[in-house]
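Enquirer: the sequence and its predicted three-dimensional model are supplied below.
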Amino acid sequence: MSTAKEIRESFKTFFASKGHRIVPSAPMVVKGDPTLMFTNAGMNQFKDIILGNVPVKYPRVADSQKCLRVSGKHNDLEEVGHDTYHHTMFEMLGNWSFGDYFKQEAIRWAWEYLVDTLHLDASKLYATVFEGSPAENLERDGEAAAYWAQFLPAGQILNGNRHDNFWEMGDTGPCGPCSEIHIDLRPEAERRAVPGASLVNRDHPQVIEIWNLVFMQYNRKSDGSLEPLPAKVIDTGMGFERLCMALQGKTSNYDTDVFQPLIQAIAQMTGFAYGADRQKDVAMRVIADHIRTIAFSITDGQLPSNAKAGYVIRRILRRAVRYGYTFLDRREAFIYRLLPVLTETMGDAYPELPAQQTLIGKVMKEEEDSFLHTLETGIRLLDKKIEEAQTAGDSVLSGVDAFTLYDTYGFPLDLTELILRENNLGIRIEEFHREMQKQKERARNAAAVETGDWVVLKNGETRFVGYDVFECDAEILRYRKIKQKNKNKELFQIVLDKTPFYAEMGGQVGDSGLLISETGTIDIIDTKRENNLPVHLIEKLPEDIAASFTAQINRTKRMQCECNHTGTHLLHEALRETLGTHVEQKGSYVSPEVLRFDFSHFQKMTGEELRRVEGLVNERIRADFPIDEYRSIPIARAKEMGAMALFGEKYGDEVRVVKYGTSVELCGGTHIPSTGMIGSLYILGESSIAAGVRRIEAVTAEGAEQYVYLQQDKLRELHAIMNNVPNLAQTIRKAIEENAELKKQLSLYVKEKVASQKKKLLAGAVERNGVKLVVFRGNGNLEMCKDLAFQLKGELPDKFCFVAGIEDKEKCMLVVMLGDELVADGLDASRLVKTASVHILGGGGGQPHFATAGGKLADGLGAAIDAVLELAGLQ
């Protein structure tokens, strides 16, 4: 039986023998592509080649790509773990041809690898081909069918519909028919009883797709029409985990050596045997699947958060925690303890796992601890809602309440349903789904952009010249119209043949500037990167789009960005010198105003450490090191020079190196000619953004000057307030100490006043309808009145009522406290103040035994007090 490691290597070896370049997996977390958060298919890293935005370097390529899917065909997150063959994170084995071979070779090599190399039983294999679409004037893919007929009998070559057998990159772009390879893993008796052909694409857990061969031969335009692609592409993807299942004779992916080490470790930790209980089995599969997703996301630089990709990772981690909590009785963080097992099984193929195991563990443990606390909070809130429903005689909980628990507190719906069932309650599930749909529509509308087709004026590729010049002659190669739905605003994207404009990437914001021609000047408001294509955003097209232009960037903005960007390089080096070589960049943001630098470190930096880092950076600024730039050098040479490749970043065979003195970085951004032009760098603050990850915010150049001026202005103002005393710090410290002493004296005075007032009120208390009644009207503040109320409670019988109307400068307040017997009899202080507060033009609330209301009309306090007494039956 082949191990997972052997199977992965056999695929690479086979396609290397067919002339394919074996390339490493791209990061699972996608950066620089606004259309995609995660790599969800092997082709993602080749999109720019497929779209024609960059030239083909290797016409034949193969790899094993780590992917993540949480939605789409068969990939609803909430279903993962319940079946045998779907996952969040999975590996996709793939081979590609960019304008080289096509259907014949793709089919022949697929057959050769599966049957001749891996020795899968050919009688268990089925191939599907596109049946055609009369609506689009597309015929059946007879070419693919004919090639398959060389290997398979007619009964094992099946027609597939447009949904299953016509692949599209998106609403527009490259597309084409595909041919899926399915395998029937059922026992022989079942195969004889029911033909496998009838179960293909019918969601049978043992009749599954293992490989999809995509034949990209069309381009889909925005009007839905198709045109032939000038260079045809082969894009294949095979599910690694499913292939292991087939080769290892299993009927579940989770029974292979990909997952079993993790599942057995979970069983050992929890004391529950895998295979003994269905719900516990599902929980173990969920955790074994999800830890892979979480760990690889963190290695690729995506930490759990409340936004975008970070929210997806947090949601997956919390789902794993919740299954452990509900079905495996885990009340403490434990998933992070599985990391050594994961590293043992996958660390050889993906060295980023062992390299960052400590960081991954710290982030995961903090997230687990946080969500376990959230679960406890959610259960308390749900218990309260259950009590309210039972008191009111309701048999169902509001779907809106369930959604609030889910959305605000991260409390899962199925756990809500489970707890409700235990209390003989249901849920208005349609209300929940309505709220969920509203949220999705809000998110969709906020991000929705309509794009038109590219109008191509000239063929060619963009050449970036912004490392060397601020302006250049340029022509428009293509343009298209886009519409931002949430703003109902139309813009245009243009692509130039040459451009000095830096397109947003690597944390550095995009350039803005001008496009100048004889007929006028157009503002370029931003520059983005889409599928490795620099795209310039403008609000209107030039009068003559075929004219020659001068593309001119905003120099001030660019240079301030460059100062901040070079500042991050110097900061990185200074942090490693000060804190240690465990420090690695985990993210950055560079704008004209500020720089942010995220780095791995496990504790708060001290003031001395921050001062030393700032000093080292400014020392190197004063040294005025010139930029030493190496463009397009082999990555191996860059590493020899001392450049550190960051996990989670995608590097080509050739890279750009930027050096300033001893600072050496791999970087594609723009930088200042010499460090002296930065002037100075000042750290604004240091904080934690996740377990084991810190963030520094800083300013340079003009921003640093403005920061110094601000601090000087504050100091001058303080000196003026303190009458320009020579020792400002000592004077302020003395003033604070004197103020604290005065507060202490005031507190004693207030306590004496409250005690005196309490004595008077107790003496003046009256009895009405068997209730001891105390009424107070006068000046004071809420805290004093609250203190008075609770002191009175300690000296009055359980059947008492205290009502106070107090004036505090321009405000007034109504306070009600009720004894326990009155509350038990049905009186509610909160309802009393809410009703009576209309007399003071205010509002309020509180608990049944104590409530307050604030208002603006002090003259109404008498009427408000009377209203409380009347409602309480104490007039």
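Expert: Now that the structure is in, tell me what you want to look at. Numbering: from 1, shown residues only.

Enquirer: so where is the stretch 451-600 of the chain shaky, pLDDT-wise?
Expert: 485-487 (pLDDT under 70).

Enquirer: can you map out the strands along it?
Expert: 455-456, 463-464, 471-474, 476-484, 489-496, 498-499, 513-517, 520-530, 533-538, 549-553, 585-590, 595-600 (DSSP state E, counting those that start in this stretch).

Enquirer: and Tyr707, which of those is closest to it?
Expert: strand 595-600 (12.4 Å; Cβ to Cβ). Just so you know, the C-beta spots here come from the backbone N, C-alpha and C atoms, and that holds for glycine as well.

Enquirer: what distance separates the closest one from the middle of the whole chain?
Expert: Its chain's C-alpha centre and that of strand 595-600 lie 17 Å apart, by Cα atoms, centre = their mean, to the nearest Å.

Enquirer: quick one: strands adjacent to that strand?
Expert: According to DSSP bridges, strand 595-600 forms sheet pairs with strand 585-590 (antiparallel), strand 693-700 (antiparallel).

Enquirer: can you redo those strands as a markdown table with mean neighbour count and distance to Pro230?
Expert: Shown next, in a markdown table, are those (neighbours: other Cβ atoms under 10 Å; distance: least, Cβ to Cβ, whole Å):
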| stretch | mean neighbour count | distance to Pro230 |
| --- | --- | --- |
| strand 585-590 | 22 | 38 |
| strand 693-700 | 22 | 45 |
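
Enquirer: will you turn those strands into CSV that also has distance to Val658?
Expert: As requested, the strands paired with strand 595-600 are exported to CSV (distance: least, Cβ to Cβ, whole Å):
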stretch, distance to Val658
strand 585-590, 13
strand 693-700, 16
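
Enquirer: for Pro24, find the nearest of the ones you listed.
Expert: Nearest to Pro24, of all the strands paired with strand 595-600, is strand 585-590, at 19.7 Å by Cβ to Cβ.

Enquirer: chain center to the closest one: distance?
Expert: Per Cα atoms, centre = their mean, the centroid offset for strand 585-590 relative to its chain is 16 Å.

Enquirer: do the same with stretch 834-851
Expert: 42 Å.

Enquirer: hang on, the earlier thing: would you reformat the strands of the stretch 451-600 of the chain as JSON lines and include distance to Leu718?
Expert: Formatted as JSON lines, the strands of the stretch 451-600 of the chain follow (distance: least, Cβ to Cβ, whole Å):
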{"stretch": "strand 455-456", "distance to Leu718": "61"}
{"stretch": "strand 463-464", "distance to Leu718": "49"}
{"stretch": "strand 471-474", "distance to Leu718": "47"}
{"stretch": "strand 476-484", "distance to Leu718": "46"}
{"stretch": "strand 489-496", "distance to Leu718": "46"}
{"stretch": "strand 498-499", "distance to Leu718": "49"}
{"stretch": "strand 513-517", "distance to Leu718": "42"}
{"stretch": "strand 520-530", "distance to Leu718": "41"}
{"stretch": "strand 533-538", "distance to Leu718": "45"}
{"stretch": "strand 549-553", "distance to Leu718": "41"}
{"stretch": "strand 585-590", "distance to Leu718": "32"}
{"stretch": "strand 595-600", "distance to Leu718": "28"}
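
Enquirer: helices and strands of this structure: which one bottoms out on pLDDT?
Expert: Least confident helix or strand of the chain, by mean pLDDT, DSSP states H and E, is strand 449-451 with a mean of 74.

Enquirer: isn't there a helix covering Ala246?
Expert: Yes. The assignment for Ala246 (DSSP: H, G, I helix; E, B strand; the rest coil) places it in a helix.

Enquirer: from Asp369, how far out is it?
Expert: Distance, Ala246 to Asp369, using Cβ to Cβ, to the nearest Å: 40 Å.

Enquirer: and those two? which has more neighbours close in?
Expert: Applying other Cβ atoms under 10 Å to Ala246 and Asp369 shows that Ala246 carries more neighbours, namely 25 against 15.

Enquirer: wait, what's in contact with that one?
Expert: Ala246 makes contact with Leu120, Ile183, Leu185, Ile210 under the criterion Cβ atoms under 8 Å, 6 or more residues apart in numbering.

Enquirer: residue contacts, the third one?
Expert: Applying Cβ under 8 Å, 6+ apart, one finds that Leu185 lies in contact with Lys124, Gln206, Val207, Ile208, Met245, Ala246, Thr251.

Enquirer: those residues in strands, which ones?
Expert: With DSSP state E as the criterion, strands contain Val207, Ile208 from among the contacts of Leu185.

Enquirer: which residues in the stretch 51-200 of the chain form strands?
Expert: 60-68, 89-98, 125-130, 157-160, 166-168, 173-184.

Enquirer: partner strands of the first one, with direction?
Expert: Taking DSSP bridges as the criterion, strand 60-68 pairs within the sheet with strand 21-22 (parallel), strand 89-98 (antiparallel).

Enquirer: give me whichever of these is most buried.
Expert: strand 89-98 (a mean of 25; mean count of other Cβ atoms under 10 Å).

Enquirer: chain center to that one, what's the gap?
Expert: Relative to its chain's centre, strand 89-98 lies at 25 Å (Cα atoms, centre = their mean).

Enquirer: report the distance from the host helix or strand of Phe790 to the chain centre.
Expert: Using DSSP states H and E, Phe790 sits within helix 782-793. Mean C-alpha position of helix 782-793 versus that of the full chain (Cα atoms, centre = their mean) differs by 47 Å.

Enquirer: helix or strand next in line after that helix, which one?
Expert: Using DSSP H and E, the helix or strand that follows helix 782-793 in sequence is strand 800-808.

Enquirer: give the other helices and strands that the next helix-or-strand element following that following strand contacts.
Expert: Counting by DSSP H and E, the element after strand 800-808 in chain order, helix or strand, is strand 811-818. Secondary-structure packing of strand 811-818 (3 or more Cβ pairs under 8 Å, 6 or more residues apart in numbering; DSSP states H and E): helix 782-793, strand 800-808, helix 829-836, strand 850-855, helix 861-871.

Enquirer: rerun at 10 Å
Expert: strand 771-779, helix 782-793, strand 800-808, helix 829-836, strand 843-846, strand 850-855, helix 861-871 (3 or more Cβ pairs under 10 Å, 6 or more residues apart in numbering; DSSP states H and E).

Enquirer: can you tell me the centre-most residue of the chain?
Expert: Closest to where the C-alpha atoms of the chain average out (Cα atoms, centre = their mean) is Gly310, at 1.9 Å.

Enquirer: now do the SS call for it.
Expert: Secondary structure state of Gly310, per three-state DSSP, is helix.

Enquirer: would you confirm that it contacts Asp300?
Expert: No. Contact criterion Cβ atoms under 10 Å: Gly310 and Asp300 do not qualify, at 11.9 Å.

Enquirer: who touches both of these two?
Expert: Val29 (Cβ atoms under 10 Å, 6 or more residues apart in numbering).
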